[in-house]
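In: kindly generate the corresponding structure for this input.
(chains A, B, C, D, E and F)
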Number of protein chains: 6
Amino acid sequence: MKRILALAPHPDDLEIGCGGTLAVHASRGDEVHAFIATYGDVGGEAPVRKSEQETAAAILGVQHLHWGDFQDTHLPEQAQALMAKLESVVQEVGPDTVYVNYRDDTHQDHRVLAQVANSVTRYVPNVLAYETPSSHAFEPTLFMDIHDTVSQKLKALEAHASQVDKTHVRLSIIEIALATAHFRGVQGKLTCAEAFMPVRLRL
Amino acid sequence: MKRILALAPHPDDLEIGCGGTLAVHASRGDEVHAFIATYGDVGGEAPVRKSEQETAAAILGVQHLHWGDFQDTHLPEQAQALMAKLESVVQEVGPDTVYVNYRDDTHQDHRVLAQVANSVTRYVPNVLAYETPSSHAFEPTLFMDIHDTVSQKLKALEAHASQVDKTHVRLSIIEIALATAHFRGVQGKLTCAEAFMPVRLRL
Amino acid sequence: MKRILALAPHPDDLEIGCGGTLAVHASRGDEVHAFIATYGDVGGEAPVRKSEQETAAAILGVQHLHWGDFQDTHLPEQAQALMAKLESVVQEVGPDTVYVNYRDDTHQDHRVLAQVANSVTRYVPNVLAYETPSSHAFEPTLFMDIHDTVSQKLKALEAHASQVDKTHVRLSIIEIALATAHFRGVQGKLTCAEAFMPVRLRL
Amino acid sequence: MKRILALAPHPDDLEIGCGGTLAVHASRGDEVHAFIATYGDVGGEAPVRKSEQETAAAILGVQHLHWGDFQDTHLPEQAQALMAKLESVVQEVGPDTVYVNYRDDTHQDHRVLAQVANSVTRYVPNVLAYETPSSHAFEPTLFMDIHDTVSQKLKALEAHASQVDKTHVRLSIIEIALATAHFRGVQGKLTCAEAFMPVRLRL
Amino acid sequence: MKRILALAPHPDDLEIGCGGTLAVHASRGDEVHAFIATYGDVGGEAPVRKSEQETAAAILGVQHLHWGDFQDTHLPEQAQALMAKLESVVQEVGPDTVYVNYRDDTHQDHRVLAQVANSVTRYVPNVLAYETPSSHAFEPTLFMDIHDTVSQKLKALEAHASQVDKTHVRLSIIEIALATAHFRGVQGKLTCAEAFMPVRLRL
Amino acid sequence: MKRILALAPHPDDLEIGCGGTLAVHASRGDEVHAFIATYGDVGGEAPVRKSEQETAAAILGVQHLHWGDFQDTHLPEQAQALMAKLESVVQEVGPDTVYVNYRDDTHQDHRVLAQVANSVTRYVPNVLAYETPSSHAFEPTLFMDIHDTVSQKLKALEAHASQVDKTHVRLSIIEIALATAHFRGVQGKLTCAEAFMPVRLRL
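Out: The predicted structure is shown next:
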């Protein structure tokens, strides 16, 4: 049994980047925690998004949901408070493995969370970066086979009902997630995969 | 009217990497040439693969097909002869733009073609690298909208009937191509795209 | 007709990095906007520098000059306000293409503008980074032929009369600009060029 | 039980790069194979070095030693034959994980083995690069705790008696190995580690 | 006689990263300055750590110790004040060469000091980055032979008595420093070395 | 007094990449050797080019000219023989510092010489890569002030009379060299510089 902590700037980032992987951990009996820095209220109603995230987490088997309660799109100004908060979450959870979005990203909240996580996870043995549609120059070398959990991942994404069609192309979040799972699968010599870049991983 | 030259190590690499883009060029009235280094006879019968490639090229609107007649999987030994051959093709075609597979790749023929192309295209104003499923560390920044030609791309891939199901995952070449078009599309803020890394491009 | 938006931290950065390119756009009939974040009053008198910038912009054919009115050398502290301001400029202009200085730079204002631009241009189809003398590790792959506009570029630089000889070597800004145009030209197989790194470009 | 295949250009490269890791695999009950491309006869007598390598392999728990019988320092000329040989070894062993020296290296044999391995391992799910003293720009992110096997690693290195003092600094191979184990350990938040860069790894 | 300025976020970072190099400079008769941004009071008592640093500096031959008096672990919030302070130190010292910790690091104070130093050293002819145990992706190409000063380096580290055993592995700071000196030595074809990445160096 | 060895694939590459630097070494009393791999007979008459190179070397103060006598544009096929030849030159000269063209280049001879040099200089303490107009992704961090020798550099280039106007842009080799000296000068905070990337340098 391992302790897993996944970090996300907003509701639904987690499902996009590592939803299938968290479901794999849950199915293995690992203790799965998630930390969401904001309620994503710039992209929707806070109570709605919070509730969607709780549903999605339950679908994936995430057992503990930690909320940051920070102001959406304003993480750069709140970086020091975010660091203090995350230090205490890491302290409390004592994770074997942390998942966090990749640092090169067009969204300022994503960049700040990745950078703060870099500090607070400095003694965590395994730290892995996941991708989102706003990641840039993401070159994964690690692959999780999500063949058995991809349907959970898609259901968890559907649970974010207020966001499913909020994309900037003529594809829903579901379609994007499935294309990504196949694209990364092929790179990992798999049919469905989520892909990661290691900050640090113990073999 | 521009002159386009696309280079590929084997039949079907072209369709995978830049088939939709060549169809866009053809629809704009550009003169489209392709050079295929080998008949891909390690992966099938040479006459079959040659014929499939001819059909696929016609579907995309490629007007001139140049064959290298080199030995499949043995390009490293034939690098100097390949360079001489490609020099003469580049001389003859006088391309404005060359497309060639990316150099970091697990297939030795792909690596050698990319490296040789690097030399022979040294005075070509526009040289762009495309990806294949065996590319590694490919970080594209250029995107061609293939919304209007993706069906041609898929048909051209189907024309390679002997190869469609020869993948190492439970997805056909068609499914992989579509997932890739959506994945790269999202990165380019498009619905369907082919993605490229510039060696050199004139604005 | 395209809409072009060029972003600069201080007066004269624009002329140095992409002055010839903006003049090319103007000559093609594109609508050319520029945003200057500060008046550069640490390096001169604000009214003088503002006036020099207006003259330079006119020489290049820049039709719309947007001023940020931020405090020179202090952009790091004003990052959130800069982001809000730039969001509204991007909203108003609706650019097809944004030019912005490269992010790895010894000047803190340059670093911050590049990072903020990374966020606000997230849905702009074409975003290109230009170089300045304080850029670091700039590896361009895109080249604009400025043969026909280099004299406009040099005149626009001369219009920044208070700055022309403020360099840290025994070369004027004009001499540096011309050496750069030739150096980048050779890389792009041209005689005079401005060079760019793509954040994202549509073919 | 997993099948492990470690590739090395010369006797003792394996012990230097991943000796402690192979001993960990052996202790877990994995089936451990090694392939040594040459007898290293430029650096010693071939029969002596072969025998030293056999002793060292036994110390580590390597069960199957495959010899390439290629000419030392001349791998570039033998690349195609090496590829054919390695294809058959990979076919025969069917490894879950391949270890191979990193590709950026001052020794031509190291560069060629890494490149050939890149091709022959194209469908192996886990491929990891190890470092040697001639590696360059090696940036590891994966760490194997070798606390329990470091003494085996050092004994295996001592078994290469003809090589122990053949270094170009005033340190024996043993001293270099121990310093490396501590240096990489600290990076992995461990006391003794071997470090790897992933080509591709399944979580 | 040259003027050397070494920058460090906390007491003992200097000794770890470039203590042997500073001792070489002192032995050559160079004027050696050090700037320490904080008293490191999160990791110990401020007066104790200040006194330890003074002793260590004396052992290395550092003649001028400049204190930043900033709040430990909170440099991100104090970046602008740190920049102003460092501008005045650089102005006062007029260094030929500046040493500063590498910018990719898990400690937020390290990242901020490196970034601020990037700005304030913009006209310093030689700027070199040193490593610490929290550096990431550090790829050195410059090596200082510290064979004659390594004992001073170790004594200077011992002078930080409150920190010697505060590591996160079963190795003291002394053991880590010696392993690092050997590891980097081998890369530089030396027995004992400190390693650097150039920001900018004049030959 | 130091021993310097500069390596070049063809006549005039040396003058372009490090002519001013070699003249600085000569003026310091260093022993300066050059090795030219081919007579460059694809770009001119071999005896003419040999004689031009001898004149140019004399202008720069290069005291020992070593000729490789390899076939122009065919270095890839002659790599092993080139390695043997260069091993003996390095053995004979015993250089403190080796200069060689950068490895990422559109010319196959340049790529091969750089790669072979990587092997034969493995124990040379200082190895620096210079740029040529066909270099790619060259990011220099080391700068030699050539203010006092730039006129020698230009004269040495003029001595290659058969090549001066053989460029692919409307600039002579002299004009390109001067633009490059200023461009790299500004990066090194100098008026005229040659720029290098370190493979390995001792401080």
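
In: state which strand of chain A is the longest.
Out: The strand that spans the most residues within chain A, counting by DSSP state E, is strand A:193-202.

In: CA atoms of that one as PDB?
Out: Taking C-alpha atoms only, strand A:193-202 is exported to PDB below (Å, rounded to 0.1, in the frame of the first residue of the first chain):
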ATOM      1  CA  ALA A 193      -1.800   5.400 -21.600                       C
ATOM      2  CA  GLU A 194      -1.200   8.500 -19.500                       C
ATOM      3  CA  ALA A 195       2.300   9.900 -19.900                       C
ATOM      4  CA  PHE A 196       4.600  11.500 -17.400                       C
ATOM      5  CA  MET A 197       8.000  13.300 -17.200                       C
ATOM      6  CA  PRO A 198      10.000  12.300 -14.100                       C
ATOM      7  CA  VAL A 199      11.200  15.000 -11.800                       C
ATOM      8  CA  ARG A 200      12.600  12.100  -9.700                       C
ATOM      9  CA  LEU A 201      11.700   8.400  -9.500                       C
ATOM     10  CA  ARG A 202      12.900   5.500  -7.500                       C
END
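
In: what angle separates the helix or strand harbouring residue A:110 from helix C:108-120?
Out: Using DSSP states H and E, residue A:110 falls within helix A:108-120. Counting by axes from the mean of the first three to the mean of the last three Cα atoms, to 10 degrees, helix A:108-120 lies at 120 degrees to helix C:108-120.

In: close to chain B, is the longest strand of chain A?
Out: No: on the criterion Cβ under 8 Å from any Cβ of the partner chain, strand A:193-202 is out of touch with chain B, staying 9.4 Å away. In short, each C-beta sits where N, CA and C put it, glycine included.

In: between strand D:193-202 and that strand, find me the angle.
Out: Put simply, strand A:193-202 runs at 170 degrees to strand D:193-202, going by the same axes, to 10 degrees.

In: most proximal residue of chain A with respect to chain E?
Out: residue A:122 (4.0 Å; Cβ to the nearest Cβ).

In: skipping adjacent residues, who's closest to that residue in space?
Out: residue E:106 (4.0 Å; Cβ to Cβ, 6 or more residues apart in numbering or on different chains).

In: one step back: gap between whichever helix or strand comes after the helix holding residue A:110 and the chain center?
Out: Going down the chain from helix A:108-120, the next helix or strand is strand A:126-130, by DSSP H and E. Counting by Cα atoms, centre = their mean, to the nearest Å, strand A:126-130 is centred 10 Å from the centre of its parent chain.

In: what average pLDDT does strand A:126-130 get?
Out: Strand A:126-130 carries an average pLDDT of 98.

In: quick check: next helix or strand after it?
Out: For strand A:126-130, the following helix or strand on the C-terminal side (DSSP H and E) is strand A:142-145.

In: angle of the very next helix or strand once past that following strand against strand A:193-202?
Out: Counting by DSSP H and E, the element after strand A:142-145 in chain order, helix or strand, is helix A:150-159. With the same axes, to 10 degrees applied, the angle from helix A:150-159 to strand A:193-202 works out at 100 degrees.

In: hmm, who's touching the very next helix or strand once past helix A:150-159?
Out: As assigned by DSSP H and E, the chain's next helix or strand after helix A:150-159 is helix A:173-187. Defining contact as Cβ atoms under 8 Å, 6 or more residues apart in numbering or on different chains, one finds that helix A:173-187 is touched by A:12, A:15-16, A:20, A:131, A:133, A:140, A:143, A:146, A:150, A:153-154, A:157-158, A:160, A:163-167, A:169, A:171, A:191-195, B:133, B:167, B:169, B:171, B:175-176, B:178-180, B:182-183, B:186, D:200.

In: give me the buried entries from those residues.
Out: Buried subset of the contacts of helix A:173-187 (neighbour count, 16 or more other Cβ atoms under 10 Å in any protein chain shown): A:12, A:15-16, A:20, A:131, A:133, A:140, A:143, A:146, A:150, A:153-154, A:157-158, A:160, A:163-164, A:167, A:169, A:171, A:191-195, B:133, B:167, B:169, B:171, B:175-176, B:178-180, B:182-183, B:186, D:200.
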